[in-house]
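>>> requesting a structural model of the entry that follows:
(chains A and B)
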Number of protein chains: 2
Amino acid sequence: MKCLVTGGAGFIGSSLVDRLLARGDEVVCYDNFDTGQIEFLKGAQQNPRFTLVRGDTLDVDALTASMQGCEMVFHLAANADVRFGTQHPRKDLEQNTIATYNVLFAMKETGVRKIAFSSTGSVYGEAAVIPTPEDAPFPVQTSLYGASKLAGEGLISSFCEGYDFQGWIFRFVSILGERYTHGHVFDFYQQLASDPSRLKVLGDGTQKKSYLYIGDCLAAMLRVANRGTAKRAKHRVETYNLGTNEYVQVNDSAKCICRALGLKPKLEYSGGNKGWVGDNPFIFLDTKKIRATGWKTTLTIEQSILRTLQWLQENQWILQRR
Amino acid sequence: MKCLVTGGAGFIGSSLVDRLLARGDEVVCYDNFDTGQIEFLKGAQQNPRFTLVRGDTLDVDALTASMQGCEMVFHLAANADVRFGTQHPRKDLEQNTIATYNVLFAMKETGVRKIAFSSTGSVYGEAAVIPTPEDAPFPVQTSLYGASKLAGEGLISSFCEGYDFQGWIFRFVSILGERYTHGHVFDFYQQLASDPSRLKVLGDGTQKKSYLYIGDCLAAMLRVANRGTAKRAKHRVETYNLGTNEYVQVNDSAKCICRALGLKPKLEYSGGNKGWVGDNPFIFLDTKKIRATGWKTTLTIEQSILRTLQWLQENQWILQRR
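Here you go, the predicted model:
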């Protein structure tokens, strides 16, 4: 199968590219290298089935040209910067919502009818039900990021209905592992690298979050994406939460990192039960639906954190390259 | 209070403008006259507290300039053409989603912090629970229109959270009454005006829909918009379904219209349980939340249909002016 991966030079995207190539697919990687890293594609670039296109998802013509002959799109390109949404509100609109529209429009123009999408548990806002199932009560958006991803989900669903596309929407918790380039483990590691004596923690450290290892995330996506939807399915789009069956407090995570690095920094809290405006103090997704397909996680959250730390230690360049 | 009404020359917008002026407000009407009618503003234009701005919601500079000094925005401008969404998919994105972003951005720039928004029952897709409450299970979007309005809701909620705005979101069923310019009563009336012997009905006529009289819709909006949210409210945005406590089949509605006009046309069905791609065969909203505020409907659906017919008969110009 020939696939296009938007955001294919990113943390998750480049890892997906490698998996698709490994299973024999032809892969077009489409990335604007805003946060993507060419280093992540070093392996892929050795493969004759790999094509790299430097392009922005706002450039619908380039997107359309790149999509010719593809059977499926993995749409992972996004502004994944949840925390600073209110500092540049248009970024989420453009890079997440309008970009998703452009991907769908390019699909319509080129006859590509299958799409897998990286959404987020943030679309549940401060969920009324925890662990939060896919059919949780109608959520209230609390971040520009979540709102922009929800808009992307809605666009995908309505294109599936209106143009007979098939869609697979994945609502991720935070992903950890090799090629991890941003998020709390990154921030903590970076802080401790520059000053091992203290560690600033956003909020009061009691925020409860769930994390998933990149390998498990990709295994889940590839298990269900492009699988036929149930014959009597009401809709042509399937939505899956992706996460582990556990959560940790930010404090636990900080302790685990300090222990692994052999450090005893003074923890300094910014206070409050949220790390930033729109932060959700408790994210824990119900993953019964994806687990019912036989998928299992291979790493616990703690193991994922350690794996991430190990990769950061072996790839110090990423601290400078951001 | 000084308010800006986007889409203020439309069916619902111009009716709201008149109510706001009647209660003593200063009103800026912002409309691109794509579907708005200057005739609807004849009364308002006599009022010194009324200002008319011809502008598009995609023109963020004009929007920002028009919003100066306002305390609240009623954001009603939209592409309300649910049926033909798949023929021009970008229109819903631009006129509903990006437009709503622009309104919010202009508010942020001008310090306006209150917004009321006309959303739609279409955001529930083919609802799993009927009558459908505001906190229904997480919906799957079935129309570009519904998806674009859901995106608008998400933007409003996240701006409320991120910038301390207050928002009131109203999910409408179809609205009927004076100044009605599109929808099934309009279509049926127009068809019968040109050929009283036959009436084409989209779908099989068994689609069940709920309708609300424009006067009742506005009374509900003005009852709760700008009312403080509950002190211990979790969010700074309140969402209300607006509809009647009943629904009718399209067939019932057609019969009622024919009876009122004294006609016995042959009914010709296009077939299927949907009128068009993305049509919902059963729309009936749970309106307990708005009724708990003491609000009541004054007209039944049948009375609203008759009132609409009467207005169309007295305003034949609207058939030509579309």
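>>> near chain B, which residues of the stretch 151-300 of chain A?
The stretch 151-300 of chain A comes close to chain B at residues A:151, A:153-155, A:157-159, A:161-163, A:234-235, A:237, A:239, A:277-278, as judged by CB under 8 Å from any CB of the partner chain. Placement of C-beta: from N, CA and C, glycine included.
>>> and of those, the nearest to residue B:51?
Of all those, residue A:151 has the smallest distance to residue B:51: 32.0 Å, by CB to CB.
>>> secondary structure element holding the closest one?
For residue A:151, the enclosing helix or strand under DSSP states H and E is helix A:144-163.
>>> that helix packs against which elements?
Using 3 or more CB pairs under 8 Å, 6 or more residues apart in numbering or on different chains; DSSP states H and E, the elements in contact with helix A:144-163 are helix A:89-92, helix A:99-110, strand A:114-120, strand A:166-172, strand A:237-242, helix B:144-163.
>>> tell me the most buried of those?
helix B:144-163 (a mean of 28; mean count of other CB atoms under 10 Å in any protein chain shown).
>>> average pLDDT across that one?
In this model, helix B:144-163 carries a mean pLDDT of 97.
>>> just how off-centre is it within its chain?
16 Å (CA atoms, centre = their mean, to the nearest Å).
>>> buried residues, the helix or strand of chain A with the lowest mean pLDDT. List them.
Least confident helix or strand, chain A: helix A:317-321 with a mean of 87, by mean pLDDT, DSSP states H and E. Buried residues in helix A:317-321, counted by 16 or more other CB atoms under 10 Å in any protein chain shown: residue A:318.
>>> next: stretch A:188-201.
A:188, A:189, A:191, A:192, A:199, A:201.
>>> those residues into CSV, with extra columns for secondary structure?
Converted to CSV, those look like this (DSSP: H, G, I helix; E, B strand; the rest coil):
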residue, secondary structure
A:188, helix
A:189, helix
A:191, helix
A:192, helix
A:199, strand
A:201, strand
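>>> want to throw these into CSV with pLDDT and distance to residue B:11?
Formatted as CSV, those follow (pLDDT from 0 to 100; distance: CB to CB, whole Å):
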residue, pLDDT, distance to residue B:11
A:188, 95, 55
A:189, 95, 57
A:191, 95, 57
A:192, 95, 61
A:199, 96, 58
A:201, 94, 53
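>>> out of those, who's nearest chain B?
Distance to chain B, by CB to the nearest CB, is smallest for residue A:201 among the buried residues of stretch A:188-201, at 21.9 Å.
>>> pretty sure the closest one sits against residue A:271.
No - using CB atoms under 8 Å, residue A:201 is not in contact with residue A:271, being 9.6 Å away.
>>> can you give me the helices in chain A?
A:11-22, A:60-67, A:89-92, A:99-110, A:144-163, A:184-194, A:214-224, A:250-261, A:288-291, A:301-314, A:317-321 (DSSP state H).
>>> turn those helices into JSON lines, columns for distance to residue B:111.
What follows is the helices of chain A, written out as JSON lines (distance: least, CB to CB, whole Å):
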{"stretch": "helix A:11-22", "distance to residue B:111": "39"}
{"stretch": "helix A:60-67", "distance to residue B:111": "35"}
{"stretch": "helix A:89-92", "distance to residue B:111": "16"}
{"stretch": "helix A:99-110", "distance to residue B:111": "30"}
{"stretch": "helix A:144-163", "distance to residue B:111": "19"}
{"stretch": "helix A:184-194", "distance to residue B:111": "33"}
{"stretch": "helix A:214-224", "distance to residue B:111": "42"}
{"stretch": "helix A:250-261", "distance to residue B:111": "35"}
{"stretch": "helix A:288-291", "distance to residue B:111": "45"}
{"stretch": "helix A:301-314", "distance to residue B:111": "43"}
{"stretch": "helix A:317-321", "distance to residue B:111": "40"}
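>>> ok, the residue in the stretch 1-150 of chain A that chain B sits nearest to - contacts?
Residue nearest to chain B within the stretch 1-150 of chain A (CB to the nearest CB): residue A:147, separated by 3.4 Å. By CB atoms under 8 Å, 6 or more residues apart in numbering or on different chains, the contact set of residue A:147 is A:92, A:141, B:151, B:154, B:155, B:157, B:158.
>>> now swap in residue A:239 and tell me
A:119, A:134, A:153, A:168, A:169, A:170, A:171, B:140.
>>> can we see that at 10 Å?
Neighbouring residues of residue A:239 by CB atoms under 10 Å, 6 or more residues apart in numbering or on different chains: A:117, A:119, A:123, A:134-135, A:153, A:156-157, A:167-171, A:289, B:138, B:140.
>>> columns distance to residue A:28 on top of the helices and strands packed on helix A:144-163, output as JSON lines?
Below are the helices and strands packed on helix A:144-163 laid out as JSON lines (distance: least, CB to CB, whole Å):
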{"stretch": "helix A:89-92", "distance to residue A:28": "25"}
{"stretch": "helix A:99-110", "distance to residue A:28": "12"}
{"stretch": "strand A:114-120", "distance to residue A:28": "14"}
{"stretch": "strand A:166-172", "distance to residue A:28": "19"}
{"stretch": "strand A:237-242", "distance to residue A:28": "23"}
{"stretch": "helix B:144-163", "distance to residue A:28": "27"}
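>>> residue B:107: which of those is closest?
Nearest of the helices and strands packed on helix A:144-163 (CB to CB): helix B:144-163, 7.6 Å.
>>> poorly predicted segments of the stretch 201-322 of chain A, please.
Applying pLDDT under 70 to the stretch 201-322 of chain A picks out residues A:228-234, A:322.
>>> what is the neighbour count of the residue nearest to residue A:176 when sequence neighbours are not counted?
Distance criterion CB to CB, 6 or more residues apart in numbering or on different chains; nearest residue to residue A:176, sequence neighbours excluded, is residue A:304 at 4.1 Å. A count of neighbours around residue A:304, defined by other CB atoms under 10 Å in any protein chain shown, yields 25.
>>> repeat that for the one 10 residues further on.
Applying the criterion other CB under 10 Å, we find 10 residues in the vicinity of residue A:314.
>>> so it makes contact with residue A:178?
Yes - with contact defined as CB atoms under 10 Å, residue A:314 reaches residue A:178; the gap is 9.1 Å.
>>> list the contacts of the residue in the stretch 201-322 of chain A that chain B sits nearest to.
Distance from chain B to each residue of the stretch 201-322 of chain A (CB to the nearest CB) is smallest for residue A:235, at 4.9 Å. Counting by CB under 10 Å, 6+ apart, residue A:235 makes contact with A:157, A:160, A:161, A:166, A:167, A:229, B:125, B:126, B:140, B:141, B:142.
>>> quick one, what contacts the second one?
Okay, so that is residue A:160. A:104, A:113-115, A:166-169, A:229, A:235-238, B:140-142.
>>> likewise for the fifth one?
Contact criterion CB under 10 Å, 6+ apart gives A:73, A:75, A:104, A:113-117, A:153, A:155-161, A:225, A:229, A:235-239, B:140 as the residues in contact with residue A:167.
>>> do the same with the last one
Applying CB under 10 Å, 6+ apart, we find residue B:142 in contact with A:154, A:157-158, A:160-162, A:234-235, A:237, B:122, B:124-126, B:274, B:277-280.
>>> repeat that with 6 Å
A:161, B:125, B:126, B:278 (CB atoms under 6 Å, 6 or more residues apart in numbering or on different chains).
>>> domain boundaries for chain A, per the record?
Split into domains by automatic domain parsing, chain A comes to A:2-175+A:211-242, A:177-210+A:245-284+A:299-321.
>>> quick one: the first one to chain centroid distance?
Mean-position distance between domain A:2-175+A:211-242 and its chain equals 8 Å (CA atoms, centre = their mean).
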